[in-house]
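Novice: One predicted model, sequence on top.
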Amino acid sequence: MLEAVDLTKHYKQTRAVDGVNLFIEKGEIIGLLGPNGAGKSTTISMLSTLIQPSSGDVRYLNESMLKHPQKLREHLGVVPQEIALYSDLTARENLEFFGKLYKMNKRELTKRMEEVFQIVGLENKQRELVKHFSGGMKRRLNIGAALLHQPSIMFMDEPTVGIDPQSRSYILDTVKQLNREHGMTIVYTSHYMEEVEYLCDRIYIMDQGKIIASGTKAEIKNILSSEQTFIIEAQSFKKEFVERLMEDVSVRQVSESGNKVTVIVPKDLNYFQTIIQMADETNQDLKAVEVQKPTLEDVFLHLTGKALRD
Ligand SMILES: Nc1ncnc2c1ncn2[C@@H]1O[C@H](COP(=O)(O)OP(=O)(O)OP(=O)(O)O)[C@@H](O)[C@H]1O
C-alpha cells in the first residue's frame, strides 16, 4: 500500500537516511526499531510527506507521492515525537482547533470528538486546561488530534517516551485496539524493543540510516538460530571457571555481570554438559544454568555490536 523506494536524506555531512526500502501493507502494525539517531523520524517524515527526500521515492498504491502529496495526506495521521498542543487551551479547544485545520464541519467535529476522547480515555478531562495535564495525558491528547479525521494510516513516532507506566500501557493498548477494531494501519517507531515485540506484525531494524534487518518477529529472531545463549548463575564466580569458558574455542562470546555469566555457543553443541563438567573440574558451585531464547535486543546486538539504548 505504502512504499519507500531507495529513500535517502542527507543534511550536509550527515546521511540521516541512506537508501531505505520498505513496504507497508493495509492493516499491518509495522515497527521501526533503532537507537537514537538511526534515522527513524526522518524516514517517517519522508513517508508522511512532511519533508522532501534527497533522492528516492514514496509510493502510495503504486503512485509516486512526491509531486502530489495531498493524495496521501488525507489518509494519514501523524503523532510527532514532540507534543504539539496549546497548553493554555482546554483539551476540547485543542481538538476543535485541529478539527478546523482538517476543515471538519461543526457537527461532524462534535461527533468525532466524543469518539476520540473515548478512544484516548480522556472523556472526563475535556474541559481541563492542557497545562494541568500529565505528560501521559498530553501524549494521549496528541494521539487524539491525529485521529480526528479518521486516517487509515497512522504514524506514531516514539509515543511513549518519557511518560508514566500507566499511560504507556494505555497507549500500547490503544494502538492494538485501533488496529484490531478500526482496521488502522500503523507505523510505530521506538527504541524500546519490548514495545515493538508486543505490538508489531513486521519489524524493520534501522541503524545509521540503513535498514539492517526486516521480517516478522520470528524471522528476525531466526537470524540468531545458529547460536544458543546460556545464562549461568552462581553466588560468586571463580576466576578459573570463567577463564575455562573464555579459552574454549567453541565459545563465541562470554560476558560476566554480577552473579551471572552469559555464554554464546553454536546451536549444535550440547554445551549444557560442558558447563556442568567445567564447574565440576574447577569446584565452581552453580545455582542455575538456563538456555535463553533470543530477543530482538540480542539480534540487534548481534547485527550492530551495540545495545539498542546506547
Ligand atoms: N533537520 C536536520 N538537520 C541536520 N541533521 C538532522 C536533521 N534531522 C535529523 N538529523 C540527523 O539525522 C540523523 C537521524 O536522525 P533521526 O531523528 O531521523 O533519528 P531517529 O532514529 O528518529 O532518532 P531519535 O530516536 O533520537 O529520534 C541524526 O544524526 C540527526 O542528528
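Specialist: Received, thanks. Residues are numbered from 1 along each chain as shown.

Novice: hey, let's count contacts and neighbours off CA atoms from now on
Specialist: OK.

Novice: all helices for the stretch 151-300 of the chain, in order.
Specialist: Counting by DSSP state H, counting those that start in this stretch, the segments of the stretch 151-300 of the chain that form helices are 165-182, 193-199, 217-222, 239-247, 271-281, 296-304.

Novice: Switch the ones you listed over to TSV; also include distance to the ligand, mean neighbour count and mean pLDDT.
Specialist: Shown next, in TSV, are the helices of the stretch 151-300 of the chain (distance: least, C-alpha to the nearest ligand atom, whole Å; neighbours: other C-alpha atoms under 10 Å; pLDDT from 0 to 100):
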stretch	distance to the ligand	mean neighbour count	mean pLDDT
helix 165-182	17	16	90
helix 193-199	12	18	85
helix 217-222	19	16	78
helix 239-247	35	15	94
helix 271-281	38	15	93
helix 296-304	14	17	74
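
Novice: In TSV: those, plus distance to residue 102.
Specialist: Listed next are the helices of the stretch 151-300 of the chain as TSV, based on distance: least, C-alpha to C-alpha, whole Å:
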stretch	distance to residue 102
helix 165-182	20
helix 193-199	28
helix 217-222	36
helix 239-247	62
helix 271-281	61
helix 296-304	38
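
Novice: doesn't residue 8 make contact with residue 19?
Specialist: Yes - counting by C-alpha atoms under 8 Å, residue 19 does reach residue 8; the two are 5.0 Å apart.

Novice: who touches both of the two?
Specialist: Counting by C-alpha atoms under 8 Å, 6 or more residues apart in numbering, the residues touching both residue 19 and residue 8 are residue 56.

Novice: now the closest residue to residue 64 other than its chain neighbours: how far from residue 32?
Specialist: Nearest non-adjacent residue to residue 64, counting by C-alpha to C-alpha, 6 or more residues apart in numbering: residue 58, 5.7 Å away. Residue 58 sits 16 Å away from residue 32, going by C-alpha to C-alpha, to the nearest Å.

Novice: Residue 88 now?
Specialist: Residue 88 is 34 Å from residue 32, by C-alpha to C-alpha.

Novice: Looking at residue 19 and residue 8, which one has more neighbours?
Specialist: residue 8 (24 against 17; other C-alpha atoms under 10 Å).

Novice: Poorly predicted segments of this protein, please.
Specialist: 224-225, 294, 306-310 (pLDDT under 70).

Novice: near the ligand, which residues of it?
Specialist: By C-alpha under 6 Å from any ligand atom, the residues of the chain that approach the ligand are 11, 16, 35-42.

Novice: how about a cut-off of 5 Å?
Specialist: Contact residues, the chain versus the ligand (C-alpha under 5 Å from any ligand atom): 11, 16, 36-42.

Novice: Now, those residues that are in strands?
Specialist: Cross-referencing the residues of the chain next to the ligand against strands under DSSP state E gives 11, 16.

Novice: among the residues of the chain next to the ligand, who's most crowded?
Specialist: residue 40 (29 neighbours).

Novice: what sits against that residue?
Specialist: Residue 40 sits in contact with 32-34, 189, 206, 209, where contact means C-alpha under 8 Å, 6+ apart.

Novice: Tell me which two of the residues you listed sit farthest apart.
Specialist: Farthest pair in those (C-alpha to C-alpha) is 189 and 209. Separation: 13.9 Å.

Novice: Looking at the two, which one has more neighbours?
Specialist: Per other C-alpha under 10 Å, whichever of residue 189 and residue 209 has more neighbours is residue 189, with 28 against 24.
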